[in-house]
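*Asks:* Let me see the structure of the following:
(2 chains)
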Amino acid sequence: MSERLTNALKAERLFIPFLTAGDPVPEATIDLALALEQSGAHVLELGIPYTDPLADGPTIQAASKRALLNGMTLTQAMELVPQMRKQGLTIPVIVFTYANPLYQYGFERFVETASDYEIDGVLVPDLPFEESNAFAAKCKSKGLALISLIAPTSNERIKKIASSAQGFLYCVSSLGVTGTRKELHPKLQSFLDLVKGEATIPYVVGFGIGDYKQVEEMNRHANGVVIGSAIVEQIGKHEQALKKESSRLEAINEIKGFVQKLLYAPQVR
Amino acid sequence: MDLKTMPNNDGRFGEYGGQYVPETLMTAIEELEAGLDEAMNDSTFKEKLNEVLQEYAGRETPLTYAANVSERIGGAAIYLKREDLLHTGAHKLNNALGQALLAKRMGKTKLVAETGAGQHGVATATIAAKFGMECKVFMGVEDMERQQLNVFRMELLGAEVVPAESGSQTLKDATNEAIRYWVAHAEDTFYLIGSVVGPHPYPKMVRNFQRVIGDESKQQLLNRIGRLPDKIIACVGGGSNAIGMFYPFLDDENVNLIGVEAAGFGTKTSKHAATITNGKKGIIHGSLTYLLQDEAGQITEPYSISAGLDYPGVGPEHAYLADAKRVEYKAVTDHEALEALSFLAKEEGIIAAIESAHALAEAYKQAKDMSKDEVILVCLSGRGDKDMHTLQSVFKEGDK
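*Replies:* Below you'll find the model as predicted:
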């Protein structure tokens, strides 16, 4: 695993934001990544737009659509990372992609390129433990972390998954697809207790977390949170402003403000 | 040959198949594998299934010698396996009955399904009504328009038809939505997949529930003509009627097996659904198979006049049988299928589903070059009642 990722994961209350690459334009993704780092992100999850994102809800599907309109692909998305680095991004980057784009790109080639581009890990939501052996070995050989998902329904599978996991464990807070929710899974607490018993690496909670209260609660039960749809929704709201260089900075500042509110307690007067 | 021993324990047909699904579903899939094994080893389950297949669904379905067509073409004798005469009008009911019985046995109370042409949705809604289960069917908005009658049938049967509004608004998108729904409700809901697609064990399970088509055909032909056919032809979208028909014949090397895909406006155009003919290996809805996609691995929109065939993937077993050269895959255009449908209607008084008409068109082509003592068996997978809306608009406008 990269030193960058190893060090980043030592932090308490891990904050891992998600961005869809190329949403709404590649330049905005780079600026947003830098803004998120400034806002305290420990790791960036960079989503690859896909026509059939099975694990995603309407918010991220819409983001994929916006990015696909610009012809964003896995190849182009990966190329954004060295550009981010050139502009000063130092936090680790995890690429989030579906199995088919990865398969077309080539598992071997992906691992090589990712390593050249200073990408630190990869998460493939439709490549479960059973299908990931060969790819996991390739990732390991290049120091790339293959991030594992664990669901509240994983039960006996938790042990198996946790024992070979790398980087951090991504615990799905609710069944279903990504997207913010008022209520998280009722058995979340007991599920996270099970994970705690098996985890030898940090474990974070994602899917559905969208407000300060939920972030606080998850930080009590886990090592941190992944925030996807809540941020992506803000990007969708500012789509037009983000597309234009003249208005981009202002939009990014507003999104930064939103992230601050998510992470830090409202001022008590 | 060991073609019939597939899939292996990892759910693979050669390199195809597998279980490419979110972790959230893996426990449900493991539960399904266990439940299926247990059921298939239980003679009372099989007896119960056979009983409903006979007394409710109407098996066995007839084998019809298409005498007029065969004489007009002047080549091989064409026999039709009449899945169109099954209750609800297509082979889909065989599988829906099998899976619904399994779902009940596994203690699930709700069914979710996807549908393209609506036949699988109707079959699922039908057995949900019969077995007293709740039923939700996802259907692309575009398909709901093309298949209004089937939407109404499902609703009349008490199912909820949920419009899938993403992507091309056809079968692929209905499948995405059904899987998304299943991810959230796997604890009490059984996902009843309509074709030999999806993650393992679906392709195997659906094949095994559909092989009754081939098993019956074999026996009927042996009784009727005392031998096996020279060729068997079936249409392939996901490929369930075809695999059900082919599977019992895989070891009969003298029987040529031919799967027919939808060529739409032609395989040289971008408007077709000929996945094996023109696709590349890829991963869709849980399986590694042939897939219509672009260079970057984005799935492209298939097209066929037949709502049941315009799916960008194909069952992984077909991908395997294509590579093994045990089954030959051809593609037939919209135009050819409609001509074949019209010819059968006028000569035999049988209106086939547009899906099945693709197989008919290929059968006519091949029959011409064969001798009179040769035999072609065509799987008439469904009837055309559901397609009246489409046929009316095509034939009335003279656009054929």
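
*Asks:* State the distance from whatever residue of the stretch 201-350 of chain B ends up closest to chain A to B:S356.
*Replies:* Taking Cβ to the nearest Cβ, chain A has its nearest neighbour within the stretch 201-350 of chain B at B:G297, 3.4 Å off. C-beta coordinates here come from the backbone N, C-alpha and C atoms, glycine included. Relative to B:S356, B:G297 is positioned 32 Å away (Cβ to Cβ, to the nearest Å).

*Asks:* same question, B:G116
*Replies:* The separation that B:G116 has from B:S356, given Cβ to Cβ, amounts to 14 Å.

*Asks:* which of these two has more neighbours?
*Replies:* B:S356 (34 against 30; other Cβ atoms under 10 Å in any protein chain shown).

*Asks:* Now do the helix or strand that contains the more buried one: which elements does it pack against?
*Replies:* If you go by DSSP states H and E, B:S356 is part of helix B:354-368. Packed against helix B:354-368 by the contact rule (3 or more Cβ pairs under 8 Å, 6 or more residues apart in numbering or on different chains; DSSP states H and E) you find helix B:67-73, strand B:77-82, strand B:231-235, strand B:256-264, strand B:327-333, helix B:334-348, strand B:375-380.

*Asks:* For those, give me JSON lines that also has distance to B:H389 and mean pLDDT.
*Replies:* As requested, the helices and strands packed on helix B:354-368 are exported to JSON lines (distance: least, Cβ to Cβ, whole Å; pLDDT from 0 to 100):
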{"stretch": "helix B:67-73", "distance to B:H389": "25", "mean pLDDT": "98"}
{"stretch": "strand B:77-82", "distance to B:H389": "23", "mean pLDDT": "98"}
{"stretch": "strand B:231-235", "distance to B:H389": "20", "mean pLDDT": "98"}
{"stretch": "strand B:256-264", "distance to B:H389": "18", "mean pLDDT": "98"}
{"stretch": "strand B:327-333", "distance to B:H389": "20", "mean pLDDT": "98"}
{"stretch": "helix B:334-348", "distance to B:H389": "14", "mean pLDDT": "98"}
{"stretch": "strand B:375-380", "distance to B:H389": "20", "mean pLDDT": "98"}
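
*Asks:* For the residue nearest the centre of chain A, pull up the helix or strand it's in.
*Replies:* In chain A, the C-alpha closest to the average C-alpha coordinate belongs to A:E45, at a distance of 3.0 Å (Cα atoms, centre = their mean). The secondary structure element spanning A:E45 is strand A:44-47 (assigned by DSSP H and E).

*Asks:* The helix or strand just after that strand near chain B anywhere?
*Replies:* The helix or strand immediately downstream of strand A:44-47 is helix A:58-69, counting by DSSP H and E. Yes: judged by Cβ under 8 Å from any Cβ of the partner chain, helix A:58-69 comes into contact with chain B at A:61, A:68.

*Asks:* how about the residues of chain A near chain B?
*Replies:* With Cβ under 8 Å from any Cβ as the criterion, chain A meets chain B at residues A:50-52, A:54-55, A:57, A:61, A:68, A:73-75, A:98-105, A:125-131, A:148-151, A:153-155, A:157, A:161, A:172, A:175-177.

*Asks:* Is it possible to mark the buried ones in those?
*Replies:* Of all those considered here, the ones buried according to neighbour count by 16 or more other Cβ atoms under 10 Å in any protein chain shown are A:50-52, A:54-55, A:57, A:61, A:68, A:73-75, A:98-105, A:125-131, A:148-151, A:153-154, A:157, A:161, A:172, A:175-177.

*Asks:* ok, now which ones touch the residue nearest to the centre of chain A?
*Replies:* Each residue near A:E45 by Cβ atoms under 8 Å, 6 or more residues apart in numbering or on different chains is listed here: A:16-19, A:93-94, A:96, A:123, A:226, A:228.

*Asks:* how near is it to chain B?
*Replies:* As judged by Cβ to the nearest Cβ, to the nearest Å, A:E45 and chain B stand 16 Å apart.

*Asks:* Show me which residues of the strand holding A:E45 are buried.
*Replies:* With burial defined by 16+ other Cβ under 10 Å, the residues of strand A:44-47 counted as buried are A:44-47.

*Asks:* likewise stretch B:148-164?
*Replies:* Neighbour-count burial for stretch B:148-164, counted by 16+ other Cβ under 10 Å, picks out B:150-151, B:153-154, B:157, B:159, B:161-164.

*Asks:* which of the helices and strands packed on helix B:354-368 is buried the deepest?
*Replies:* Stretch with highest mean neighbour count among these: strand B:231-235 (a mean of 29; mean count of other Cβ atoms under 10 Å in any protein chain shown).

*Asks:* B:K231 contacts B:Q366, doesn't it?
*Replies:* Yes: counting by Cβ atoms under 8 Å, a contact exists between B:K231 and B:Q366, whose distance comes to 6.3 Å.

*Asks:* State the helix or strand in which residue 100 lies.
*Replies:* Using chain A here. Taking DSSP H and E as the criterion, A:N100 maps to helix A:99-105.

*Asks:* wrong chain, I was asking about chain B
*Replies:* Secondary structure from DSSP H and E places B:A100 in helix B:92-105.

*Asks:* I'd like the distance from that helix to the chain centre, please.
*Replies:* Using Cα atoms, centre = their mean, to the nearest Å, the mean C-alpha position of helix B:92-105 is found 15 Å from that of the whole chain.

*Asks:* need the next SSE after it, C-terminal direction.
*Replies:* Counting by DSSP H and E, the element after helix B:92-105 in chain order, helix or strand, is strand B:110-115.

*Asks:* Show me what counts as buried in that following strand.
*Replies:* Applying a neighbour-count criterion of 16+ other Cβ under 10 Å, the buried positions in strand B:110-115 are B:110-115.

*Asks:* Contacts (any at all) between chain A and it?
*Replies:* No: under the criterion of Cβ under 8 Å from any Cβ, strand B:110-115 makes no contact with chain A; the nearest approach is 12.6 Å.
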